[in-house]
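Engineer: Can you look at this prediction? I've put the sequence above it.
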Amino acid sequence: MGTYLLQIFNGISVSSILILAALGLAITFGLMKIINMAHGEFIMIGAYVTYLMQNQFLHLPKSLFGLYFLLAIPASFIVSGLVGFVLERTVIRHLYNRPLDSLLATWGVSLVLQQLARNIFGAPNVDVKSPGWLDGGLVLSQGLQLPYKRLFIIALVIVCLLSMFLLLYKSKTGRRIRAVMQNREMAESMGINTRRVDAYTFAIGSGFAGIAGCALTLLGSIGSTLGTNYIVDTFMVVVLGGVGTLVGTAAGGLLIGTANTTLEFLTNASLGKVLVFILIITLLQWRPNGLFNISSRSLDD
Amino acid sequence: MKKILATQLKKRLTGVISLTLVAGLLLTGCGAAQTSQPAATTSSGNTSGNTIKVGILHSLSGTMAISEVSVKDAEMMAIDEINAAGGVLGKKIEPVVEDGASDWPTFAEKAKKLLQQDKVATVFGCWTSASRKAVLPVFEENNGLLWYPVQYEGMESSPNIFYTGAAPNQQIVPAVEWLFKNKGKKFFLLGSDYVFPRTANKIIKAQLKDLGGEVVDEEYTPLGFTDYSTIINKIKATKPDVVFNTLNGDSNVAFFKQLKDAGITSKDLTTLSVSVAEEEVRGIGAANMAGQLVSWNYYQTTDTPENKEFVKKYQAKYGADRVTDDPIEAAYDAVYLWAAAVKKAGSTDVDKVRQAAKGIEFQAPEGQVKIEGENQHLWKTVRIGEVAADGSIKEIWSTGKAVKPDPYLKSYPWAKGLSN
């Protein structure tokens, strides 16, 4: 019994990680339609920011060490967002409506960023020591323990989803973003500076990738190729959920995450992955536009 | 409207896929074009001039750089030491360093370049079995000489390779035997999904069948896999006495971190790893691995005068925070063994060196090692170690003397039929 309960929790936990990693992409790919192959590297940047933050706190009194992680979350958002902003301003703005060019360009950028990370931090992976208050877990019964780290990530995802929803649908900024993404010419003629909106939309998307990187330090080690492990999965989540919808991204992540863990439990890790891909392909045959598709005039360009 | 979007999306996706493929092809194509040279087979190294050129071929970039950079460092240190002591045959050794970039075709191309263009006397290199298998035909075709410093799955013995890491009977087989005697009969086999873990587990299963043990589950995860929650749940459900871990690379970090978070420590469950050494423990975090077991031939703490000297020199050269481990030591030994063979042969000619190398002994940091002429592997002492809270590894059991290498496990009746 405990085994199955734990497996359900594992499914939710893996889903939460996928959703977190895909949130930024839901904006840059989902809304802006940029095939951003460097998305994984923004995750990596967030992870390395967390590592640097940890190193700073090593010099401070021990009692403060546990706080570094709370500071690392906004810091990784800001740094990844800034790098995203620069990337948009220098490269991507020249490539709107040229998806294949932007694919190649961002792939190149991802290679550059990876090598840069290797030059700065060295080739060996680094370890981020998680704060003490996240060690251990919630013991429900004998042998059934829910790690605090995973509970924390689930909570973080909910907070991120909520704030992104508020940002996109309840704020002035969000209204501008949606206006530009839905009808650029009309938005321009209404006096919106679309160039600027593009830049900060991309920066926000990259920032969310940074938060994902920060959370990933709790689970594994940090290396220059951290992002490449997630790039395929995150695209899957966004495409399956339906390009351009926040609910879709959450649903896509939840479906892939639970399918992944369940099938892995029933078969094994390699076969489980294969079955998940088959499932995704089948679902996309049935609903080519993803689970949650907005069929509106705006997408018909 | 929906249709239009769908076809657009489809087009885009097909474009994405074909572009990625084309780009990949282009990249490998470039690599090939860059290094293909007119074939000029030679079996004798370039000994004209005042130096003897040797090749060093490791991944200095990519996913394997984590491990291979320090192995390269150890080889460079040995070369420097030998040069400071006067070199070999009155000549200095000149290393030619190439980057295999964690990419197996690149390894083959670079090996060809070293042998044909630089005409090196020998090559020290490779880490993964995949890279060794990729360069093997190049070395055999050009009659080159490769010194391979990492423990591996066995079932190989090329006349053009000297293996200075452990054969399975010098690491895996004694570890299984020890665990069976001291920890229990129920084994859970966990490994990365490629040639080494699969072959290693084939050996372990045959051995356990012979001993009367039981394999409760056998799991493989892709290289780079990072979420072990489901596997850990399976471990909980099957209640093994021992998890025999052949995971490679970053996956180890994720596995041990998540194992600890699930509330499982070395007190609840014994794990023994064969691809986690001091260097990897640093990445995993000592706290996450404290009390877990590993099996190797050498540890930084190995108590010999040669090792004290070796660790001191290594840290003086590369930094006090650096650690030494088994492959690093085996790579260091390889350079000395080659130099000794060249001195004995009085030449760098591959055939003469190979003949001279048979039976050569060396007082290595791990203790006395000897080249077994029959299969070009080393006699090595087997040591099981426990990870301490500070990340060092303490020896808890050893064979006490060097064990004869047996890559095909010919001396074990239960291993019949494994080698094909």
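Structural biologist: Thanks, I have it.

Engineer: For the stretch 101-250 of chain B, just list every one of the helices.
Structural biologist: For the stretch 101-250 of chain B, helices defined by DSSP state H, counting those that start in this stretch occupy the ranges B:104-112, B:129-141, B:172-182, B:195-211, B:229-238.

Engineer: and of those, who's closest to A:Val49?
Structural biologist: Comparing these by their distance to A:Val49 (Cβ to Cβ), the top pick is helix B:229-238, with 25.4 Å. C-beta: built from backbone N, CA, C; applies to glycine.

Engineer: Give the full set of residues in contact with B:Leu89.
Structural biologist: Neighbouring residues of B:Leu89 by Cβ atoms under 8 Å, 6 or more residues apart in numbering or on different chains: B:Thr47, B:Ile52, B:Val342, B:Lys343, B:Gly346, B:Ser347, B:Thr348.

Engineer: about what we covered before: I'd like the helices of the stretch 101-250 of chain B written out as TSV, with distance to A:Phe165 and mean neighbour count added.
Structural biologist: What follows is those, written out as TSV (distance: least, Cβ to Cβ, whole Å; neighbours: other Cβ atoms under 10 Å in any protein chain shown):
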stretch	distance to A:Phe165	mean neighbour count
helix B:104-112	46	23
helix B:129-141	46	20
helix B:172-182	52	20
helix B:195-211	44	19
helix B:229-238	28	21
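
Engineer: Can you lay out those helices as TSV showing distance to chain A and mean pLDDT?
Structural biologist: Below are the helices of the stretch 101-250 of chain B laid out as TSV (distance: least, Cβ to the nearest Cβ, whole Å; pLDDT from 0 to 100):
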stretch	distance to chain A	mean pLDDT
helix B:104-112	15	95
helix B:129-141	16	94
helix B:172-182	21	95
helix B:195-211	11	93
helix B:229-238	4	92
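
Engineer: which one of the ones you listed lies closest to A:Lys170?
Structural biologist: For these, the distance to A:Lys170 is smallest for helix B:229-238, at 34.6 Å, taking Cβ to Cβ.

Engineer: sorry, back to before: closest to chain A out of the contacts of B:Leu89?
Structural biologist: Sorting the contacts of B:Leu89 by how near they are to chain A, with Cβ to the nearest Cβ, puts B:Ile52 at the top with 28.7 Å.

Engineer: quick one: whichever strand or helix holds that closest one near chain A?
Structural biologist: If you go by DSSP states H and E, B:Ile52 is part of strand B:51-58. No. Counting by Cβ under 8 Å from any Cβ of the partner chain, chain A has no neighbours in strand B:51-58; the shortest distance is 10.9 Å.

Engineer: Out of the helices and strands in chain A, which is least certain?
Structural biologist: strand A:137-141 (a mean of 83; mean pLDDT, DSSP states H and E).

Engineer: And that one, what does it pack against?
Structural biologist: If you count contacts as 3 or more Cβ pairs under 8 Å, 6 or more residues apart in numbering or on different chains; DSSP states H and E, strand A:137-141 packs onto strand A:144-147, helix A:148-170.

Engineer: The helices of the stretch 101-250 of chain B into a markdown table, with extra columns for distance to A:Arg195?
Structural biologist: Converted to a markdown table, those look like this (distance: least, Cβ to Cβ, whole Å):
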| stretch | distance to A:Arg195 |
| --- | --- |
| helix B:104-112 | 42 |
| helix B:129-141 | 48 |
| helix B:172-182 | 61 |
| helix B:195-211 | 52 |
| helix B:229-238 | 44 |
